[in-house]
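Participant: got a predicted model here, sequence first, then my questions.
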Amino acid sequence: MEWTSVARLPSLVLWWSAVAGVWLVVVNRWLMHWTDGTAKSAVIAGSLLSAFAASTLIGYHALWRWVPFGILGILLVGEAKRELLRARYSACEIGQGVEPTLMNSVITTTALQCRRVEITVPGLPCERLRVAQLSDLHIDHDLPFHYYASALRAVSEELPDLLVLTGDFVSRPEGLPLLEQWAALVTQAAPQVFFSLGNHDHWVDAQAVRSILLNAGAVDVGGRCLGLAREHGAIAVCGTEVPWGPNIPSFPVGIPFRLVLSHTPDNVYALADAGATIVFSGHNHGGQFRIPGLGALVVPSRYGRRFDRGAFKVADTHLIVSSGVGAGRPSVRLFCPPDVVVVDVVRQRTARRPTRLRRHRGSTE
């Protein structure tokens with residue numbers, strides 16, 4: 001019996017939903033990692049149109065009506081796994097969230113927020129260390145220069161001990177002169193400034209970006225570790241640019257506190273295995289376009305939306321993922337304010353032995 005047009009519609013909607021979910025998986029985990037260009041844009045757009053066209057034709061045949069249920073079921077299992085892992089990693093938003101006036105705002109492209117979090121770690125050779133982070137500036141003419149400068153002013157007001165810059169300073173060669181103007185102000189924001197590069201920096205001109213930041217007085221930790229003296233020892237500040245650039249050869253022996261700059265949070269598992277204390281990342285822009293109730297949809301990570309933004313703890317390693325300051329093209333953020341991240345690292349006190357407590361409860365030991 002042939003379906004009527006009305007009867008076909010639910011099947012088509014199921015197919016379109018299933019195809020959209022599979023397309024997002026492919027885009028997030030593979031296509032978004034391609035170098036920016038016409039070919040990348042054409043493949044992303046063409047794959048979506050082709051998938052919808054094919055699913056529309058298939059959706060008219062009753063023989064295939066149960067297939068989208070299976071696809072959606074697999075996608076839901078993946079989402080359930082993601083939620084379980086985020087719960088295991090104590091995933092949370094950094095700070096108290098956006099200001100109330102922004103809760104109903106749709107366009108949040110330059111609504112810069114300062115997000116603060118305090119974490120306690122062992123091995124810190126001082127009572128407290130305040131680290132500010134800026135990521136993914138994507139400096140361009142699309143946004144006014146005073147906006148990028150305001151991010152440095154926001155950092156300066158927090159009086160950090162260190163400022164870490166976690167890559168993607170520019171998106172196109174035209175942004176290099178603007179980066180040079182911005183970098184001239186960077187050492188005014190914090191006593192010590194460290195940086196590593198991101199994928200867009202490597203795609204544009206890694207050597208030029210490094211030279212600009214080095215000439216401005218920032219310290220390059222891409223592919224190496226530096227020891228910094230503190231009150232009761234030293235901390236290591238390291239950087240990895242994998243998979244686009246150099247990796248950390250190894251962590252220094254005898255320095256238990258290791259702070260790592262990694263543009264992509266995808267490196268967190270390898271860094272946790274190696275013994276990193278805190279990893280600062282960006283890359284994902286918090287999704288840049290977020291849908292209320294669903295969150296980010298497009299996140300350039302092989303782990304999908306697992307580390308879209310916020311604070312996590314993977315094994316013994318803290319992971320901080322910034323939403324970034326700038327915006328990739330199109331230069332618009334929806335329901336996703338940019339941020340300056342400020343992390344107060346506090347030394348963990350040695351726990352007291354519970355011997356007296358056990359005796360108080362009637363222990364005969």
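Facilitator: Right, received. Where do you want to start?
Participant: which ones are touching Leu159?
Facilitator: The contact partners of Leu159, by C-beta atoms under 8 Å, 6 or more residues apart in numbering, come to Arg130. Every C-beta, even on glycine, is put in place using the N, C-alpha and C of the backbone.
Participant: how is it assigned, secondary-structure-wise?
Facilitator: Under DSSP: H, G, I helix; E, B strand; the rest coil, Leu159 falls in the coil class.
Participant: from Val117, how far off is it?
Facilitator: 16 Å (C-beta to C-beta, to the nearest Å).
Participant: now swap in Phe257 and tell me
Facilitator: To Val117, Phe257 is 17 Å away according to C-beta to C-beta.
Participant: ok, those two, which is more surrounded?
Facilitator: Using other C-beta atoms under 10 Å as the criterion, Phe257 and Val117 rank with Phe257 on top: 23 against 18.
Participant: now do the same contact list for that one.
Facilitator: Val121, Gly123, Leu124, Pro125, Ile235, Ala236, Thr277.
Participant: number of nearby residues for Arg306?
Facilitator: The criterion is other C-beta under 10 Å. On that basis, Arg306 has 20 neighbouring residues.
Participant: residues in contact with the closest residue to it other than its chain neighbours?
Facilitator: Distance criterion C-beta to C-beta, 6 or more residues apart in numbering; nearest residue to Arg306, sequence neighbours excluded, is Arg82 at 5.4 Å. Contact criterion C-beta under 8 Å, 6+ apart gives Gly304, Arg305, Arg306 as the residues in contact with Arg82.
Participant: cutoff 10 Å now
Facilitator: By C-beta atoms under 10 Å, 6 or more residues apart in numbering, Arg82 lies in contact with Ala91, Tyr303, Gly304, Arg305, Arg306, Phe307, Asp308.
Participant: against Ala218, how distant is the second one?
Facilitator: To tie it back to what came earlier, the one meant is Tyr303. 29 Å.
Participant: Ala54 against Val19, yeah?
Facilitator: Yes: with contacts counted by C-beta atoms under 10 Å, Ala54 reaches Val19, the gap being 7.9 Å.
Participant: who's more crowded, these two?
Facilitator: More neighbours surround Val19 than the other of Ala54 and Val19, with 22 against 12 (other C-beta under 10 Å).
Participant: for the stretch 1-150 of the chain, which segments count as helices?
Facilitator: Applying DSSP state H, counting those that start in this stretch to the stretch 1-150 of the chain gives helices spanning 5-29, 38-59, 67-88, 145-157.
Participant: want to throw those into TSV with distance to His318?
Facilitator: Formatted as TSV, these follow (distance: least, C-beta to C-beta, whole Å):
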stretch	distance to His318
helix 5-29	24
helix 38-59	33
helix 67-88	14
helix 145-157	20
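Participant: could you tell me the least trusted of those?
Facilitator: Ranked by mean pLDDT, the helices of the stretch 1-150 of the chain end with helix 5-29 at the bottom, a mean of 83.
Participant: what's the pLDDT at the most centrally placed residue in the chain?
Facilitator: Relative to the mean C-alpha position of the chain, the nearest C-alpha, by C-alpha atoms, centre = their mean, is the one of Gly282, at 3.2 Å. Residue-level confidence at Gly282 comes out at 98, pLDDT.
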